[in-house]
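S.K.: this is a predicted model, with the sequence first.
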Amino acid sequence: MPTVLVILPEGFEELEAVAPIDVLRRAGCVVTVAALGPGIHVTGRNGITLHADTPLAALPVDGPVSDCLLLPGGPGVALLRASTEVRALIARHHAAGAWLAAICAAPAVLHDAGLLAGRRYTAHPSVAGELTAILAEERVVRDGRLITSRGAGTALDFGLALVAALVSPEKAAEVAAAIRA
């Protein structure tokens with residue numbers, strides 16, 4: 001099954017992490033949640049603390065690349081942007097042809113890595129000043145192996161788009177039917 005690495009910084013947007021993680025796991029994906037900080041407990045912007053699988057620093061620097069690297073948004077994006085570890089992971093995943101997924105303000109992290117130039121993407125309006133080519137009316141945008149989404153209100157659509165890309169459109173429809181019943 002496809003593997004997904006999700007990086008959680010302090011101040012992440014809870015819906016943008018939990019909804020995609022849940023949907024991906026329902027589809028059978030192997031999701032590893034890595035805390036950006038030194039511990040395994042990470043508190044989101046709304047005070048919800050998640051228990052990560054591992055600190056990011058505990059993952060081998062030259063270990064296997066996941067099929068997809070997922071970055072949630074929220075105020076914690078500033079920490080993602082400042083992290084040399086995150087930048088290195090993005091570069092490794094991109095070089096390996098892995099999927100890159102970012103929601104809300106997190107596409108700015110991909111912008112910093114030079115990966116949005118000439119690409120179709122969306123993001124939260126809060127980063128529109130930097131990311132001037134945002135497709136503001138789109139809930140989720142897929143361009144090659146890049147999937148972006150606008151924010152908390154599109155997190156479920158984002159998760160289902162990831163399932164469609166990583167597993168199959170049929171599996172995405174199956175998961176959608178099960179959770180919307």
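M.R.: Received it, and whenever you're ready, just let me know what you need.

S.K.: and the pLDDT at the residue nearest to Pro125 when sequence neighbours are not counted?
M.R.: Spatial nearest neighbour of Pro125, excluding adjacent residues (CB to CB, 6 or more residues apart in numbering): Ala136 at 6.9 Å. Bear in mind the C-beta positions are built from the backbone N, C-alpha and C, glycine included. Reported pLDDT at Ala136 in the predicted model: 93.

S.K.: could you do Arg180 as well?
M.R.: 87.

S.K.: what's the neighbour count on the residue nearest to Pro125?
M.R.: 11 (other CB atoms under 10 Å).

S.K.: that one contacts Tyr121, doesn't it?
M.R.: No - judged on CB atoms under 8 Å, Ala136 makes no contact with Tyr121 at a distance of 10.8 Å.

S.K.: give the intersection of the neighbour lists for those two.
M.R.: The contact sets of Ala136 and Tyr121 do not overlap (CB atoms under 8 Å, 6 or more residues apart in numbering).

S.K.: coming back round to it: what secondary structure does the residue nearest to Pro125 sit in?
M.R.: coil (DSSP: H, G, I helix; E, B strand; the rest coil).

S.K.: list the contacts of it.
M.R.: Per CB under 8 Å, 6+ apart, neighbours of Ala136: 122, 125, 128, 150.

S.K.: could you list every residue that touches the last one?
M.R.: Applying CB under 8 Å, 6+ apart, one finds that Arg150 lies in contact with 103-104, 122-124, 136, 138-140.

S.K.: just put those in TSV and tack on distance to Glu16.
M.R.: Converted to TSV, the contacts of Arg150 look like this (distance: CB to CB, whole Å):
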residue	distance to Glu16
Ile103	5
Cys104	6
Thr122	13
Ala123	12
His124	10
Ala136	17
Glu138	16
Arg139	13
Val140	12
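
S.K.: may I see the ChimeraX selection of the buried members of these?
M.R.: Buried residues among the contacts of Arg150 (16 or more other CB atoms under 10 Å), as a ChimeraX selection:
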select :103,104,122,123,124,139,140
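
S.K.: secondary structure and distance to Thr49 added to the contacts of Arg150, as JSON lines?
M.R.: Listed next are the contacts of Arg150 as JSON lines, based on DSSP: H, G, I helix; E, B strand; the rest coil; distance: CB to CB, whole Å:
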{"residue": "Ile103", "secondary structure": "strand", "distance to Thr49": "20"}
{"residue": "Cys104", "secondary structure": "coil", "distance to Thr49": "19"}
{"residue": "Thr122", "secondary structure": "coil", "distance to Thr49": "29"}
{"residue": "Ala123", "secondary structure": "coil", "distance to Thr49": "26"}
{"residue": "His124", "secondary structure": "coil", "distance to Thr49": "23"}
{"residue": "Ala136", "secondary structure": "coil", "distance to Thr49": "32"}
{"residue": "Glu138", "secondary structure": "coil", "distance to Thr49": "32"}
{"residue": "Arg139", "secondary structure": "coil", "distance to Thr49": "28"}
{"residue": "Val140", "secondary structure": "strand", "distance to Thr49": "27"}
